[in-house]
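Peer 1: Got a predicted structure here, sequence first:
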Amino acid sequence: MRIDILTLFPEIALAPLGESMMKRAQEAGIVEIKAHNLRDWATGRHLKTDDYLCGGGQGMLLKPEPIFAAIEELREEKTKVILLTPQGKVFRQELARELSGLEHIIFLCGHYEGVDHRVIEELVDLELSIGDYVLTNGAIAAAVVTDAIVRLLPGALGDARSAVDESFSDPNILEAPAYTKPIEFRGLKVPEVFLSGHHAKIEEWKKERAMERTRENRPDLLE
Ligand code: ADE
């Protein structure tokens, strides 16, 4: 898989992808990730990438010309162009799985008040938000989405089971609480059931606690 991130802040997008599993996935050739500075496609004496809103209003918008030039240079036949924006469809694990089947993604990162709408109409296949809050910069969101996709690629996780046996495999139930050693820490004990070695009972306990946690933290998933 290939991922190109188009942003005014390539370092922000790449920083979280240069460590740990994301670094190993790239070294193993499972994914090729590049970040490009949109300014490299800007023209004119000041290499301007943004401008004032037509019709007035607060803030600046990314201009269409450098974005069109960059995407026309980077895209290929099977490329999907995804704009990171709080106005997009909300990203969920199900979509991460779908996107992990693609050959090439270009993430276009919004900044300021967003991008000129002609970019969305002509170039963007999907507008994507990582949640109902506003970040300063779409490059942060691009790193989040990239991480969620790349960890699903075959070979990216050391233990392949961990991608299956986790929250959102059943998208409507959260994972049960988990414990490690020591068995007793500051007087706090690991639940008795884990010491029994009784697998059916442990599974039953986990199911109950998973439901309880979902009711408590994410009642919306049970509706
Ligand atoms: N840019 C700013 N906020 C964002 C969000 N929540 N998701 C994606 N891109 C964004």
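Peer 2: Alright, I've got the coordinates.
Peer 1: Every contact and neighbour count from this point should use C-alpha atoms.
Peer 2: Noted.
Peer 1: Quick one: low-confidence residue ranges for this structure.
Peer 2: Applying pLDDT under 70 to the chain flags residues 159-169.
Peer 1: where's the closest residue to Ala139 other than its chain neighbours relative to Arg213, distance?
Peer 2: Nearest non-adjacent residue to Ala139, counting by C-alpha to C-alpha, 6 or more residues apart in numbering: Ala13, 4.8 Å away. Distance of Ala13 to Arg213, computed by C-alpha to C-alpha, to the nearest Å: 32 Å.
Peer 1: May I see the buried residues of the host helix or strand of the residue nearest to Ala139?
Peer 2: For Ala13, the host element (DSSP states H and E) is helix 10-14. Neighbour counts over helix 10-14 (16 or more other C-alpha atoms under 10 Å) mark 10, 12-14 as buried.
Peer 1: Export the residues you listed as TSV, with columns for distance to Leu38.
Peer 2: Compiled in TSV, these are given as follows (distance: C-alpha to C-alpha, whole Å):
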residue	distance to Leu38
Pro10	9
Ile12	13
Ala13	13
Leu14	15
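Peer 1: ok, so of these, who is nearest the ligand?
Peer 2: For the buried residues of helix 10-14, the residue nearest the ligand by C-alpha to the nearest ligand atom is Ala13; the value is 12.0 Å.
Peer 1: Quick check: longest helix in this structure by residues?
Peer 2: Criterion DSSP state H: the longest helix present in the chain is helix 199-217.
Peer 1: Contacts made by that helix with the rest, please.
Peer 2: Helix 199-217 has contacts (C-alpha atoms under 8 Å, 6 or more residues apart in numbering) with 173-177, 193-194, 221-222.
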